Structures are given as C-alpha cells and as structure tokens.
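Q: Please work out how this folds:
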Amino acid sequence: RIIARLEETHPDAVNAGAPIDRDPFLVLVSCILSLRTKDAVTTTAAERLFELAKTPQEMLELDQETIERAIYPVGFYRKKASQIKEISREIFERYKSEMPDEIGELLKIRGVGRKTANIVVTQGFGKPGIAVDTHVHRISNRIGIVSTKNPDETEFVLRDLLPQKYWTSFNSLFVRHGQRICTPISPKCSICPIKECCDRVGVERCR
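A: Numbering: from 1, shown residues only. Coordinates of the predicted model:
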C-alpha cells in the first residue's frame, strides 16, 4: 500500500533509470558524480564527460585536469576526478574493462559502497537490488517499517521484508518522497500520502 501511494504521488520516480546511460560503467561514474550534487548538475556534467570517454580505457587516456573541467561544478570535482581515474584503472587492470555484475565483487573496487553497488547491478545489469541512501534509511525508520542504525543495516532488513519485485523502485520512490515531502527537518506530514501508515518516529515538528 505504501509503495502504491508513493507511485501515485511521484510518477516520475517510477522505474527511474540511470541519469545518462544504462551501461554499467557509466552508471558507476554517474553515481560518483551525484554525491552531494543536484540531479540536474550531475546529468549535465555526466553528459560532458561521456562525450570525451565512455569506457575505463578511454577514461584513463584523459588527464585529470580534463576530467575536472568536464565535471565542474559538481561538488568535490577534483576529488571525484581523481576517484574516476582510480576506479577506471582498477576496472581496466583487474577486470579487463568488464564491469562485475555482483555486489560482492563491486565492493572490492576501492571507493564503491553498498548503495553504489546496488545501483550498478539494478540500473546497469537489470538485476534486483536495494540502494539505501540517507532518504531511504531515514524514511524507512520514520514510518516504522525498520528500526536500524545505518543504511547498510536498513538494506539487509528491507531485503527480508520487501518482495523482490519492489526492490528497484523502492529507492527512487523514497528519494523523491524525501526530497519533496518527507524532509529531514519539519516534514510536510499534512500532505503526505502515507501519513496513515506512518509512526512518525523522531518527528518533533512537522508542516
């Protein structure tokens, strides 16, 4: 019921895919760019970068300054340019430019966490996974379907709790809901489509 109501409220989040391309490597790079950066800025930066390089080998042929110029003004663009180079080198050398399609193998790549690994397998390979970011973790605890301390713990509980067919859409729906209605501070409970299902855990003030 919760998912159905969120789908009605946020139709643009239903089956939301990777921002630029469903190629697993490009999904991974897009995830790196998106950290602490608005979606529109991430999309534009990714488009500029992918005009220059679309494979680990092509990315390695770019110098770091070129990557920096392409992805500016994403947050921490210098650090992200360096990370993109390092990850490209690791994928090229360890995996012969073939992106691994298992979460456990993706986690061996330096700088790749569980959220990013889940996004790569779902958007890049069409496999089931639950990407848990701060929005998913916060809202899942707020409405009372989990009681967890961190996003990784939330992911494992949700894997047991949710039917697999909902895994992929769960992230995009909860992210949109967290951006628009169920905000970290003073959520808009008065217009929330799932307020009857919500325990409002930790909510001290709302609109």
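Q: Quick check, pLDDT for Thr168.
A: With respect to pLDDT, Thr168 has a value of 88.
Q: what's the answer for Pro19, then?
A: Predicted confidence (pLDDT) for Pro19: 45.
Q: mind checking how far Lys127 is from Val74?
A: Computed as C-beta to C-beta, to the nearest Å, the Lys127 to Val74 distance reads 27 Å. The way it works is simple: take the backbone N, C-alpha and C, and place the C-beta from them, glycine included.
Q: okay, those two: which has more neighbours?
A: Val74 (23 against 15; other C-beta atoms under 10 Å).
Q: Show the backbone phi and psi for the more buried one.
A: phi -60, psi 150 (degrees, to the nearest 10).
Q: Now it: closest residue in space, sequence neighbours ignored.
A: Counting by C-beta to C-beta, 6 or more residues apart in numbering, Thr37 is the residue found nearest to Val74 once chain neighbours are left out, at 4.5 Å.
Q: Equivalent analysis for Cys206, please.
A: Nearest to Cys206 is Cys189, by C-beta to C-beta, 6+ apart, at 4.0 Å.
Q: What is the neighbour count of that neighbour?
A: Per other C-beta under 10 Å, the neighbour tally for Cys189 reads 16.
Q: residues touching it, list them.
A: By C-beta atoms under 8 Å, 6 or more residues apart in numbering, the contact set of Cys189 is Lys195, Cys198, Arg200, Val203, Cys206, Arg207.
Q: Can you tell me how far it is from Gln179?
A: Cys189 is 16 Å from Gln179, by C-beta to C-beta.
Q: And Ile71, by the same measure?
A: Ile71 is 22 Å from Gln179, by C-beta to C-beta.
Q: More neighbours: those two, which one.
A: Remark: of Ile71 and Gln179, Ile71 carries more neighbours, 26 against 13, as counted by other C-beta under 10 Å.
Q: so what's the nearest residue to the more buried one once chain neighbours are set aside up against?
A: Leaving aside its sequence neighbours, Ile71 sits nearest to Ala45 (C-beta to C-beta, 6+ apart; 4.3 Å). Counting by C-beta under 8 Å, 6+ apart, Ala45 touches Leu33, Thr37, Ala70, Ile71, Tyr72, Pro73, Val74.
Q: from the residues you listed, which two are the most distant?
A: For those, the farthest-apart pair by C-beta to C-beta is Thr37 and Ala70; their separation is 13.9 Å.
Q: just how off-centre is the longest helix along the chain within its chain?
A: Counting by DSSP state H, the longest helix found in the chain is helix 77-95. Its chain's average C-alpha position is 18 Å from that of helix 77-95, according to C-alpha atoms, centre = their mean, to the nearest Å.
Q: So, low pLDDT: which residues of this structure?
A: 15-21 (pLDDT under 70).
Q: Got the domain ranges for it?
A: What automatic domain parsing lists as the domains of the chain is 2-13+131-197, 24-125.
Q: Contacts made by stretch 48-61 with the rest, please.
A: Contacts of stretch 48-61 (C-beta under 8 Å, 6+ apart): 20-21, 23, 25-26, 29, 33, 62, 66-67, 70-71, 84-85, 87-89, 91-92, 97.
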